[in-house]
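Coordinates only, no sequence provided:
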Ligand SMILES: *[C@@H]1O[C@H](CO)[C@@H](O)[C@H](O)[C@H]1NC(C)=O
Ligand SMILES: *[C@@H]1O[C@H](CO)[C@@H](O)[C@H](O)[C@H]1NC(C)=O
Ligand SMILES: *[C@@H]1O[C@H](CO)[C@@H](O)[C@H](O)[C@H]1NC(C)=O
Ligand SMILES: *[C@@H]1O[C@H](CO)[C@@H](O)[C@H](O)[C@H]1NC(C)=O
Ligand SMILES: *[C@@H]1O[C@H](CO)[C@@H](O)[C@H](O)[C@H]1NC(C)=O
Ligand SMILES: *[C@@H]1O[C@H](CO)[C@@H](O)[C@H](O)[C@H]1NC(C)=O
Ligand SMILES: *[C@@H]1O[C@H](CO)[C@@H](O)[C@H](O)[C@H]1NC(C)=O
Ligand SMILES: *[C@@H]1O[C@H](CO)[C@@H](O)[C@H](O)[C@H]1NC(C)=O
Ligand SMILES: *[C@@H]1O[C@H](CO)[C@@H](O)[C@H](O)[C@H]1NC(C)=O
């Protein structure tokens, strides 16, 4: 997503925030050297399962390239984290595209190493809080009070390698860089704690470290607080910051401790707080500075260097959203011994546990394709982040996940991929969402730094919860997901209008009354925008709810929500045609309360928009669509493509339109509503066209270079999408169907630790992948499951993954293959009796 927002919206929606006071405990560091169990966010490894063949890739972490999408707006986070970890320490730069801190362009300066980040988001720069920064020396005889502490003065370039790239390295759980001032920085992390390692070159006289309290990336800090313990060097700090994509603010806390690596680090030889470029020697708290709104404030410490050789200082940085004391206790508990290599090893092992659940065979496969696959799978597990124990808003024993940024981006592919190999984390995230509903009244849609963010498309926690329940209702109890609470959360979302539908829930009152969101009704509960795309999203949400109701045996609700899922018909205007193509007729369009339609040019919100279009959250969005064109949204009825084919004039016209959308670049590789379009030929019984189109999309837009992402990663939405395409699959969330293409690997298997099963998809006559995605022996002629012919070449059922199957594909170079013979060969649509 592009996620831009005009400042007028900010001021319109900005809340009146209060700034609660709090106090610090100034106790010394309690070093807890007792036995320590490293807390992993991943739960215990799965039950042993019968694996058909031994894993071929033992260390998939070695295949992950963390630098894909770190320039040109990918906003990918390349720093260390545990799978779904909260602490995400990383390099921050002065790049305008530093939403994840980093930029792969060596011309940008390093401004610090902060503790929390998001991956691939838009909005304002999120979570670059509490930067640490090493100073090699200070002006005029290296004096403390002359140290240059602001972002602008302290920043420094990285070393550059002979190929022009920065001297940076990253692998799962680890990051390192060499700065031009000779200092080396390395980072690793546990769930809530970052561990930094600063190596100052031999000969450094005054190794110094800045701890920055205010520069969060958006310059939004207010109420900075901080205290230095001059005896131990411990720094505790906090400030209030602006949410990235919402009206709220949040408070974050940190606790930093230091230790010599291989030598005894004494107490700081100098210490003090700084304001802008003025360190105040021996000051120990920010109240000793003259401060006003938005100034740069922090602490500065000098240490005695090691007697010989380089001086390596470890900085352990606890973070918390509850209190500075809790940031300290998190750090003491998770990293008691400052064991950098041990922490790094544990993180890598956690990544290998998750990544190795999907195994591929690589004969005749370009090694870059395998790297692209595991790198994309890796990014599926950066967000949401496990903030359990860090929710400042209420106490609960349920898990709490944040960085849901946003469900609209991730519901399509990220959660369905988790269904295949990581239901434990999926279950915890679902529990967290249900718990939010129980306390806030509605399911979260978009969330960051514990604050509600603006909704984008709809209330897309609905298909996420339904995806979990359709696939794991038999395991729900064992996974501690309460079916009644889940269903209640869904129904509340659909039926009850919230006080502010910009932040959660739906504009339910009028939607449920007239069956669409009209263009000309100004509801005080939210902004009058994106009425058409919200109508479409809610139709799919209602379908998702009907699937859950079916499993729970709630017959009346099944009928009610299935009926509502047909609301897309209410915004279809058959008379609008594509400019220059009168044969392409019928588009979703904005509709007034009185039943007549307004007109939005179908090219709006695409690269071909003929005039100014309003496609974002703006109150003046009169187009009625969010981020994508009417061309794209007019393909957007995932649960009833058969009805769409009818509306569009039959199979041939449907295929023509899909080809037009792809050939004329109405397909938008940067935006989620387009993600299913290349696969939609399946519904027209032309799976060969889907396979070719999806492969052309990969060839054109996705690769392992730093610009190998066409737009924001969107919290792993793009990563999981690419992983599915490479696996030769495309999911239909909240259903048991998965569309089948052909994998880029002769064999791919999915180990599901909760079900205790492994499912393998093997292509019997695999001959490799065409490099440009065109042609090749990649089309599916026939499918068997456990040796028996399967009814369709176009989809698989969840049952195959549930019981653990061997699925064999026979490939051909004939693009004219079909889904197969018989009524059951086409993938399901609601209006033709599917999903029963
Ligand atoms: C990097 O920092 C230097 C020194 O402050 C500055 O002159 C230069 O413009 C910065 N580079 C960028 C890309 O901002
Ligand atoms: C940085 O320099 C060290 C040697 O001082 C070297 O081992 C390392 O590979 C360099 N690059 C990175 C990214 O750490
Ligand atoms: C959570 O519990 C702690 C300990 O009882 C209490 O101090 C805190 O105020 C509670 N937080 C909320 C948001 O209720
Ligand atoms: C109808 O559409 C036009 C063109 O987008 C727009 O200017 C106008 O405000 C719309 N009317 C309403 C009531 O939304
Ligand atoms: C579309 O055009 C037909 C024929 O002119 C007309 O009967 C129908 O009401 C129009 N529909 C809409 C939604 O404008
Ligand atoms: C329907 O409502 C729109 C916008 O409010 C108005 O422009 C139009 O004239 C109305 N049409 C009829 C037939 O009432
Ligand atoms: C990678 O993909 C991008 C588009 O997303 C493209 O601009 C770039 O040329 C590609 N690089 C390689 C090496 O294929
Ligand atoms: C793709 O590559 C094949 C084989 O090299 C070639 O025949 C074909 O023309 C190419 N197609 C496109 C669209 O570049
Ligand atoms: C597929 O069908 C098209 C159109 O009917 C035809 O031109 C083409 O030769 C066919 N391809 C193969 C491999 O049979």
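Cool, the structure landed. Worth saying up front: this structure is predicted, and the values here are computed from it rather than measured. Ligands and ions are numbered 1, 2, ... in the order given.

I'd guess residue 317 is in a helix, am I close?
No. Going by DSSP: H, G, I helix; E, B strand; the rest coil, the assignment for residue 317 is strand, not a helix.

From here on, call the first residue 51.
Sure, I'll start numbering at 51, so the last one becomes residue 367.

Run through the bridge partners of it.
Per DSSP bridges, the residues bridged to residue 367 are residue 244, residue 306.

ok, now which ones touch it?
137, 139, 165, 180, 182, 243-246, 304-306, 381 (CB atoms under 8 Å, 6 or more residues apart in numbering). For the C-beta atoms, the positions are set from N, CA and C on the backbone; glycine is no exception.

Tell me which residues touch residue 194, please.
By CB under 8 Å, 6+ apart, the neighbours of residue 194 are 188, 256, 258, 320, 322, 329, 331, 350, 352.

What values do phi and psi take at it?
phi -50, psi -50 (degrees, to the nearest 10).

nearest spatial neighbour of the residue nearest the centre of the chain, skipping sequence neighbours?
Nearest to the mean C-alpha position of the chain, by CA atoms, centre = their mean, lies residue 765 at 1.5 Å. In this structure, residue 765 finds its nearest non-sequential neighbour in residue 433, 4.0 Å apart by CB to CB, 6 or more residues apart in numbering.

these two touch, right, the one you found and residue 168?
Yes. Using CB atoms under 8 Å, residue 433 is in contact with residue 168, at 6.5 Å.

mind checking the SS state of the closest residue to residue 710 other than its chain neighbours?
Spatial nearest neighbour of residue 710, chain neighbours left out: residue 634 (6.4 Å); criterion: CB to CB, 6+ apart. Secondary structure, three-state DSSP: residue 634 is strand.

Next one: residue 634 from ligand 7, what distance?
28 Å (CB to the nearest ligand atom, to the nearest Å).

Now do the contacts for that residue.
Per CB under 8 Å, 6+ apart, neighbours of residue 634: 627-628, 703, 706-707, 710.

Is it possible to mark the buried ones in those?
628, 703, 706-707, 710 (16 or more other CB atoms under 10 Å).

How many neighbouring residues does the residue in the stretch 451-600 of the chain that ligand 6 sits nearest to have?
Using CB to the nearest ligand atom, the closest approach of the stretch 451-600 of the chain to ligand 6 is made by residue 570 at 4.1 Å. Neighbour count for residue 570, taken as other CB atoms under 10 Å: 14.

so what's it up against?
Contacts of residue 570 (CB under 8 Å, 6+ apart): 642-643, 648.

Now for the closest residue to residue 869 other than its chain neighbours, how many residues are close by?
Using CB to CB, 6+ apart and skipping residues adjacent in sequence, the residue nearest residue 869 is residue 844, 3.8 Å away. Neighbour count for residue 844, taken as other CB under 10 Å: 26.

quick one: residue 844 and residue 872 touch, right?
No. Using CB under 8 Å, residue 844 makes no contact with residue 872, being 11.9 Å away.

circling back: am I right that the residue of the stretch 451-600 of the chain closest to ligand 6 is in a strand?
No. Residue 570 is assigned coil when assessed by three-state DSSP, not a strand.

residues near whichever residue of the chain sits closest to ligand 7, how many?
Scanning the chain for the residue nearest ligand 7 gives residue 753, at 3.8 Å (criterion: CB to the nearest ligand atom). Neighbours of residue 753 under the rule other CB under 10 Å: 18.

Check residue 575 too.
14.

what sits against it?
For residue 575, the contacting residues are 547-551, 557, by CB under 8 Å, 6+ apart.

Recalculate using a threshold of 6 Å.
Counting by CB atoms under 6 Å, 6 or more residues apart in numbering, residue 575 touches residue 551.

and it, helix, strand or coil?
Assignment for residue 575 (three-state DSSP): coil.

For the residue located most distally from the centre of the chain, what is the enclosing helix or strand?
Most distant from the centre of the chain: residue 191, at 46.9 Å, with distances by CA atoms, centre = their mean. Per DSSP states H and E: residue 191 is located in helix 189-192.

what does residue 808 give?
strand 807-813.

Distance from the chain centre to that strand, please.
27 Å (CA atoms, centre = their mean, to the nearest Å).

Excluding chain neighbours, what is closest to the closest residue to ligand 9 within the chain?
In the chain, no residue comes nearer to ligand 9 than residue 866, which is 3.7 Å away by CB to the nearest ligand atom. Nearest non-adjacent residue to residue 866, counting by CB to CB, 6+ apart: residue 738, 6.0 Å away.
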